[in-house]
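1. fold the following, please.
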Amino acid sequence: MPETPAKVICIGVDAANPDLVREWASTGLLPTFRSLFERGLSGDIRGIEGFFVGSTWPSFYSGVSPAGHGFHYLVQLLPESYTLNRPEEDGISLRAPFWTHLSGAGRRVAILDVPLTRLDPSLNGVQVVEWGGHDSVYGFQTAPADLAHEIHSRFGTHPLGPSCDGVRKTPEDYRAFLDKLVSGARTKGEMTRSLLHLGEWDLFMQVFTEAHCVGHQCWHLHDSTHPAFDPAIAETVGDPLLHVYQAIDSAVGEIVQAAGDALVVVFSAHGMAHCYGAHFLLQEILFRLEVASPEQKDCVPTGGVLGPLAALRAGWRRLPQGVRAFLAPVRDRIRGSGAPGEGTPVLGVDFPSSFCFALPNGLAVGGIRLNLKGREPMGLLEPEAAPAFCGRLSQDLLAILDERTGRPLIKRVLRTAEIHVGKHLDRLPDLLVEWDDGVATGSLSLGEGTAATVRAFSERTGALEGENEYGRSGEHRARGFFVAAGPDVQSGNLDRDVSLLDLAPTLTKRLGVELPDAEGVLIPELLGGSGQDHT
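-> This is a model prediction of the structure:
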């Protein structure tokens with residue numbers, strides 16, 4: 001094995017909480033991170049405003065925002081329709097990842113378990129897709145293809161399987177879950193080192209998605225103030241986040257030890273904390289404000305842009321488990337006591353009489369799509385009337401008060417076109433509804449269902465009430481972190497935030513290649529002598 005098996009080793013710790021990593025590193029609970037922070041350069045990563053959930057990884061690896069690459073969530077509108085579809089199935093041409101440009105320039109790359117990445121058999125190197133991930137979208141694949149057999153023979157399958165979501169009630173349930181995550185992180189570390197030892201990599205990248213899983217599923221057992229906190233389970237299993245972070249810390253430590261003089265960059269593209277908001281109320285809010293109308297069951301259109309029933313059912317089955325859970329309440333309202341009629345849209349809206357409609361965009365920031373004439377199949381809102389309409393709707397949304405806090409239920413309403421620019425802007429929600437995160441929202445699926453009911457009020461909507469059925473207690477935050485260590489990187493804390501979009505052009509430039517059309521800017525402190533031509 002060469003003394004330095006790779007020039008750049010990039011390790012993602014998916015959706016890790018930056019404050020916890022720093023706190024536990026400073027107290028010695030995460031010794032690898034403590035060493036990296038002491039000898040490396042660290043700083044905060046600023047996520048993509050309004051789109052720091054489903055689009056985080058495509059934004060990271062392309063270096064452009066969702067308006068540039070077109071991917072804002074795991075399900076989104078099929079163009080010129082009201083049908084929800086997975087982006088990879090609607091013909092969208094996502095921006096090529098930065099490692100594709102490196103490969104094309106003759107650099108040798110290894111890309112392992114980077115979320116929401118398609119397999120690229122043409123890479124100059126190896127790629128592993130979804131051996132272990134938070135949600136399986138593409139399924140386990142490798143390039144070269146025979147690498148899959150080798151991985152299964154030596155390491156088996158990820159102990160947890162293709163999805164983290166599940167109903168867990170007892171200490172035994174959570175202990176089994178944690179054991180699988182810890183085992184998965186350890187095995188992923190072994191796999192990483194086995195491929196790293198092949199040596200002579202320009203870029204070597206691995207992502208530990210186990211941190212993402214434990215954050216969503218176990219935040220309520222970490223945070224004693226969470227409404228679903230169960231002291232008996234917490235006493236039995238300990239702090240689930242700490243257990244998993246420590247397993248990742250150990251695996252990263254072994255990788256760093258094998259890295260030689262490589263530049264090592266460890267980062268979290270976005271964060272995690274308690275679940276919050278009332279995404280399950282957004283559609284009802286739009287109905288109450290009389291800007292959208294519910295689907296009329298006795299007037300369901302057939303065929304045309306809405307597609308046949310069989311296609312909807314097939315599409316539903318293809319959605320990741322987490323997305324199905326998110327959309328299940330909408331589906332159930334549409335379905336009622338029987339099966340949906342032919343061509344029923346999954347959005348549950350009567351489009352000819354609706355000026356806008358709610359669009360899935362994750363739980364942290366809701367999405368609203370304008371039903372524009374000339375863009376949507378049954379558009380109602382005149383484009384020239386859209387600015388005034390959005391202004392009034394934003395005021396009405398911000399006037400809704402949360403009974404739990406007495407504060408507005410919604411922190412901000414953003415116009416997507418005012419914060420993002422790109423050729424795929426029309427694929428995105430037009431308005432972004434950022435929920436206030438001052439208090440945690442419970443779930444009927446967790447503990448005794450405490451704090452699962454959200455009540456709110458405004459003069460326009462009247463009293464609103466809804467229950468959260470989704471069983472995740474942790475939700476994303478836009479802030480991540482990075483720490484970089486290497487022979488030509490000075491130690492310390494960066495005195496500014498960097499954008500998530502800055503990493504791709506910086507890592508590419510570090511290896512002597514320009515990333516075309518990137519929106520991010522270079523991070524000079526990580527470039528070393530890479531301004532010169534690659535040799």
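
2. tell me who's in contact with the closest residue to Ala399 other than its chain neighbours.
-> Leaving out its chain neighbours, the residue that sits closest to Ala399 by Cβ to Cβ, 6 or more residues apart in numbering is Ser458, at 4.6 Å. Just so you know, the C-beta spots here come from the backbone N, C-alpha and C atoms, and that holds for glycine as well. Contacts here follow Cβ atoms under 8 Å, 6 or more residues apart in numbering; on that basis Ser458 touches 396, 399-401.

3. repeat for Ser183
-> Pro159.

4. quick check, it in a strand?
-> No - read with DSSP: H, G, I helix; E, B strand; the rest coil, Ser183 is helix and lies in no strand.

5. per-residue confidence for it?
-> With respect to pLDDT, Ser183 has a value of 98.

6. before we move on, what about Arg318?
-> On the pLDDT scale, Arg318 is placed at 48.

7. and what of Ser136?
-> On pLDDT, Ser136 comes in at 83.

8. the nearest residue to it once chain neighbours are set aside: neighbour count?
-> The shortest distance from Ser136 to any non-neighbouring residue, by Cβ to Cβ, 6+ apart, is to Pro162 (3.4 Å). When neighbours are counted by other Cβ atoms under 10 Å, Pro162 registers 17.

9. by mean pLDDT, point me to the weakest helix or strand of the chain.
-> Each helix and strand of the chain was given a mean pLDDT (mean pLDDT, DSSP states H and E); the minimum falls on helix 309-318 at a mean of 44.

10. now do the strands in the stretch 301-450 of the chain.
-> 356-359, 365-370, 401-402, 410-415, 431-435 (DSSP state E, counting those that start in this stretch).

11. ok, for Ala440, nearest residue in space, not its chain neighbours?
-> Leaving aside its chain neighbours, Ala440 sits nearest to His274 (3.9 Å; criterion: Cβ to Cβ, 6+ apart).

12. just to revisit the earlier point, of all the strands of the stretch 301-450 of the chain, which one is nearest Lys169?
-> Nearest to Lys169 among the strands of the stretch 301-450 of the chain is strand 431-435 (27.1 Å), distances taken as Cβ to Cβ.

13. for the residue nearest to Ser136, what are its contacts?
-> Applying Cβ under 8 Å, 6+ apart, we find Pro162 in contact with 130, 133, 135-136, 139.

14. how about low-confidence regions in the chain?
-> Within the chain, the ranges that satisfy pLDDT under 70 run 1-3, 88-93, 297-346, 529-535.

15. switch to 80 and redo it
-> By pLDDT under 80, the low-scoring segments of the chain are 1-4, 87-94, 135, 297-347, 529-535.

16. would you map the helices across the stretch 51-200 of the chain?
-> 56-62, 66-69, 98-104, 146-155, 171-196 (DSSP state H, counting those that start in this stretch).

17. what is the neighbour count of Glu514?
-> Residues within reach of Glu514, counting by other Cβ under 10 Å, total 11.

18. and it, that's in a strand?
-> No - under three-state DSSP, Glu514 falls outside any strand and is assigned coil.

19. secondary structure element for the residue nearest to it when sequence neighbours are not counted?
-> Closest residue to Glu514 apart from its sequence neighbours, by Cβ to Cβ, 6+ apart: Thr508 at 6.9 Å. Thr508 belongs to helix 503-510 when assigned by DSSP states H and E.

20. name the residues that touch that helix?
-> For helix 503-510, contacts defined as Cβ under 8 Å, 6+ apart pick out 7-8, 10, 45, 60-63, 97-98, 101-102, 203, 263, 265, 267, 482, 514-515, 518, 520-523, 526-528, 530-531.

21. put the buried members of the residues you listed into a PyMOL selection.
-> To isolate the buried ones among those in PyMOL, judged by 16 or more other Cβ atoms under 10 Å, type:
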select buried, resi 7+8+10+45+60+61+62+63+97+98+101+102+203+263+265+267+482+515+518+520+522+523+526+527+530
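
22. ends of stretch 218-237, what's the gap?
-> For stretch 218-237, the first and last residues are 11 Å from each other (Cα to Cα, to the nearest Å).

23. nope, stretch 200-220 is what I meant
-> Start to finish, the residues bounding stretch 200-220 are 43 Å apart (Cα to Cα).

24. off-centre distance for it?
-> 12 Å (Cα atoms, centre = their mean, to the nearest Å).

25. report the buried residues of it.
-> Buried residues in stretch 200-220, counted by 16+ other Cβ under 10 Å: 201-220.

26. before we move on, what about stretch 396-410?
-> Across stretch 396-410, burial judged by 16+ other Cβ under 10 Å covers 396-398, 400-402, 404, 408-410.

27. returning to that earlier point: tell me which of the strands of the stretch 301-450 of the chain sits nearest to Arg186.
-> Comparing the strands of the stretch 301-450 of the chain by Cβ to Cβ, strand 365-370 comes nearest, at 34.2 Å.

28. what is the orientation angle of that closest one with strand 410-415?
-> Counting by axes from the mean of the first three to the mean of the last three Cα atoms, to 10 degrees, strand 365-370 lies at 40 degrees to strand 410-415.

29. can you classify Ala456 by secondary structure?
-> Per three-state DSSP, Ala456 ends up strand.

30. that one is in contact with Pro408, isn't it?
-> No - between Ala456 and Pro408 there is no contact under Cβ atoms under 8 Å: 9.1 Å.

31. overlap in contacts of those two?
-> Between them, Ala456 and Pro408 share these contacting residues under Cβ under 8 Å, 6+ apart: 400-402.

32. re the thing from before, distance to Gly462 added to the strands of the stretch 301-450 of the chain, as a markdown table?
-> Formatted as a markdown table, these follow (distance: least, Cβ to Cβ, whole Å):
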| stretch | distance to Gly462 |
| --- | --- |
| strand 356-359 | 18 |
| strand 365-370 | 20 |
| strand 401-402 | 12 |
| strand 410-415 | 16 |
| strand 431-435 | 19 |
